[in-house]
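K.L.:
the following comprises the amino acid sequence and a computationally predicted model.
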Amino acid sequence: MRARPAPARRVTVLGAGSWGTTFAKVLADGGSDVTLWARRPEMAREIREARRNSQYLPGINLPRNLTATSDLAMALTNIDQLFLCVPSQTLRDNLIDLEPLLPPDIPVVSLMKGVEKGTGLRMSEVIAEVLPIDPTRIAVASGPNLALEIAKKQPTAAVVSSVSMETAHEVALAARNPYFRSFVNTDVIGTEFGGVLKNLIAVAIGIVDGVGYGENTKASIITRGLVEMTDFAVAHGAERETLAGLAGLGDLIATCQSPLSRNNTAGRLLGQGYAFAEVVKQMNQTAEGLASVAPILALAKSKGVEMPIVDQVGQVLAGTLAPADLAPHLTTDDTPRGERTTDDSQARPRAAFRRAFERAFDQLRHGGRGPRGA
Ligand SMILES: NC(=O)c1ccc[n+]([C@@H]2O[C@H](COP(=O)([O-])OP(=O)(O)OC[C@H]3O[C@@H](n4cnc5c(N)ncnc54)[C@H](O)[C@@H]3O)[C@@H](O)[C@H]2O)c1
Ligand SMILES: O=P(O)(O)OC[C@H](O)CO
């Protein structure tokens, strides 16, 4: 007698924007039965009946094993895994609504790349604060994942991270198909901050692009931006290696290079001279970087981490720095870490100046008798 095939995994994605819908497709193409929860009933109906999300993924056909509802209780009934993909600033309210309906002991996965304004908390921390859930059942997924490319089945990879390797594996198994490969790690802090921080560097890239600067400027910002990302994340407990991987460098490259990126696009509008309020009005999608600048700078300050590029992005958003003045060489270090001064003509005058200063100081201390020992 042939063994009966195991029933398909049942998963729900909360949030039917561009990434929520795309990730639901990733999961469905990986063999799960997927329910997508949309806030607006008309959007749920279009996804269910026409198998399209024409607002966020125009031209993309959605698979048959993906359905949609705007009924939260229905979306959360009898599921094996839950994925969260709403704007970071609304997550807390969404969690409060879903908390009484959450099935016990299922993995809850954040697909978001922002921090909460006011608290500075990462999304996994907001989940841990609001839901009565064992921390080992929380996971995050991040990587170079521009929604529209993935919806067209262009191959890419991501990282699923949880403090429990078992949970990470469980989720990665669901988030895997012929065009989407999920790797696993236990560095939740690094994986999550990688996704948040690359948005800020992508805004900077958009700004200089909008101004009309070329590839040298952008390469310097990307390179020094990665150092800022790494310093920040490591100071908050991340592993350096994570920031050099898909969730750090990988996502930084994708987001900084692509016109599909909303953070990059928002930056470009700022660089072209639009004021922050106008940019927010023009963007009808989530550009997480705009809300993350202030909490990230506050977190950086609390750990004494210097973030000159992110700081300048904050100033452009506030209207106190002209976009054309955002430049990577405006760092506070003479020679930033990771860069060498190859010609020591710059170092010598500084050393000579220090010696002259010490001599003068010594003379003053010893009543003009000349330096001690002289
Ligand atoms: N789009 C991408 O390529 C991509 C890739 C990886 C990660 N992300 C991350 O995914 C998250 C969501 O981004 P997105 O691209 O799907 O955004 P989006 O702007 O395309 O969609 C946001 C969705 O959230 C809904 N929404 C808005 N307010 C809400 C509320 N109060 N309650 C519930 N739902 C609400 C909107 O109706 C919309 O369906 C962000 O953190 C983003 O950084 C996006
Ligand atoms: O469109 P963005 O700028 O939110 O970037 C999308 C993804 O995070 C890229 O990995």
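P.N.:
Now that the structure is in, tell me what you want to look at. All values reported here derive from a predicted model rather than from experimental measurement. Numbers count the residues shown, from 1 in each chain. Ligands and ions are numbered 1, 2, ... in the order given.
K.L.:
need the strands for the stretch 201-350 of the chain, in chain order.
P.N.:
Using DSSP state E, counting those that start in this stretch, the stretch 201-350 of the chain contains no strands.
K.L.:
which regions of it lie under the pLDDT threshold?
P.N.:
328-350 (pLDDT under 70).
K.L.:
go again with 80.
P.N.:
327-350 (pLDDT under 80).
K.L.:
around ligand 2, pick out the residues from this structure.
P.N.:
113, 144-146, 199, 202, 251, 254-255, 261-264, 288 (CB under 6 Å from any ligand atom). All C-beta atoms are positioned from the backbone trio N, CA, C, and that covers glycine.
K.L.:
of the residues you listed, which ones also sit close to ligand 1?
P.N.:
Counting by CB under 6 Å from any ligand atom, K113, N145, L146, E288 from the residues of the chain next to ligand 2 sit close to ligand 1.
K.L.:
tell me the most packed of these, by neighbour count.
P.N.:
Among those, the one with the most neighbours (other CB atoms under 10 Å) is K113, at 28 neighbours.
K.L.:
neighbours of R268, how many?
P.N.:
Going by other CB under 10 Å, the residues that sit close to R268 add up to 22.
K.L.:
that older thread, buried subset of the residues of the chain next to ligand 2 as a PyMOL selection?
P.N.:
With 16 or more other CB atoms under 10 Å as the criterion, this PyMOL line picks the buried residues out of these:
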select buried, resi 113+144+145+146+199+202+251+254+255+261+262+263+264+288
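K.L.:
how about the residues of the chain next to ligand 2 in TSV, adding distance to P58?
P.N.:
Formatted as TSV, the residues of the chain next to ligand 2 follow (distance: CB to CB, whole Å):
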residue	distance to P58
K113	23
P144	22
N145	19
L146	15
N199	23
A202	23
D251	24
A254	21
T255	21
S261	17
R262	16
N263	21
N264	20
E288	22
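K.L.:
scan this protein for its longest helix.
P.N.:
helix 188-211 (DSSP state H).
K.L.:
show me what contacts the residue most central in space within the chain?
P.N.:
For the chain, the residue nearest the mean C-alpha position is G195 (2.0 Å; CA atoms, centre = their mean). By CB atoms under 8 Å, 6 or more residues apart in numbering, the residues touching G195 are M112, K113, V140, S142, G143, A247, D251.
K.L.:
one more: V208?
P.N.:
T217, K218, I221, G271, P323, L326, A327.
K.L.:
redo that, cut-off 10 Å
P.N.:
214, 217-218, 220-221, 267-268, 271, 323-324, 326-328 (CB atoms under 10 Å, 6 or more residues apart in numbering).
K.L.:
who wins on neighbours among the residues you listed?
P.N.:
Neighbour counts for the contacts of V208 (other CB under 10 Å) peak at G267, which has 34 neighbours.
K.L.:
excluding chain neighbours, what is closest to that one?
P.N.:
G206 (2.2 Å; CB to CB, 6 or more residues apart in numbering).
K.L.:
same question, L270
P.N.:
Distances taken as CB to CB, 6+ apart place I207 nearest to L270, at 5.2 Å, with adjacent residues excluded.
K.L.:
again with P41
P.N.:
Nearest non-adjacent residue to P41 (CB to CB, 6+ apart): S70, at 4.3 Å.
K.L.:
in this structure that neighbour contacts L14, no?
P.N.:
No: S70 lies out of contact with L14 (CB atoms under 10 Å); the separation is 11.1 Å.
K.L.:
which neighbours do the two share?
P.N.:
With CB under 10 Å, 6+ apart as the test, S70 and L14 both reach L36, W37, A38, R39.
K.L.:
could you check how far the second one is from M43?
P.N.:
Going back to what we said before, that points to W37. Separation of W37 from M43 (CB to CB, to the nearest Å): 10 Å.
K.L.:
these two: who's more crowded?
P.N.:
Comparing W37 with M43 by other CB under 10 Å, the one with more neighbours is W37, at 27 against 20.
K.L.:
check contacts around the more buried one.
P.N.:
12-16, 20, 24, 44, 68-72, 74-76, 82-86, 94, 98.
K.L.:
redo that, cut-off 6 Å
P.N.:
L14, A75 (CB atoms under 6 Å, 6 or more residues apart in numbering).
K.L.:
for it, grab phi and psi.
P.N.:
phi -90, psi 120 (degrees, to the nearest 10).
K.L.:
now the helices for the stretch 101-250 of the chain?
P.N.:
Ranges of helices in the stretch 101-250 of the chain, per DSSP state H, counting those that start in this stretch, are 123-130, 147-151, 165-174, 188-211, 215-235, 240-243.
K.L.:
okay if I get these as a markdown table plus distance to G59?
P.N.:
Below are the helices of the stretch 101-250 of the chain laid out as a markdown table (distance: least, CB to CB, whole Å):
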| stretch | distance to G59 |
| --- | --- |
| helix 123-130 | 30 |
| helix 147-151 | 9 |
| helix 165-174 | 26 |
| helix 188-211 | 25 |
| helix 215-235 | 30 |
| helix 240-243 | 35 |
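K.L.:
give me the number of residues near whichever residue of the stretch 1-150 of the chain sits closest to ligand 1?
P.N.:
Ligand 1 sits closest to G17 of the stretch 1-150 of the chain, with a gap of 1.7 Å, by CB to the nearest ligand atom. The tally of other residues near G17 (other CB under 10 Å) stands at 20.
K.L.:
ditto for E166
P.N.:
That count, for E166 with other CB under 10 Å as the rule, works out to 12.
K.L.:
many thanks, we can stop here.
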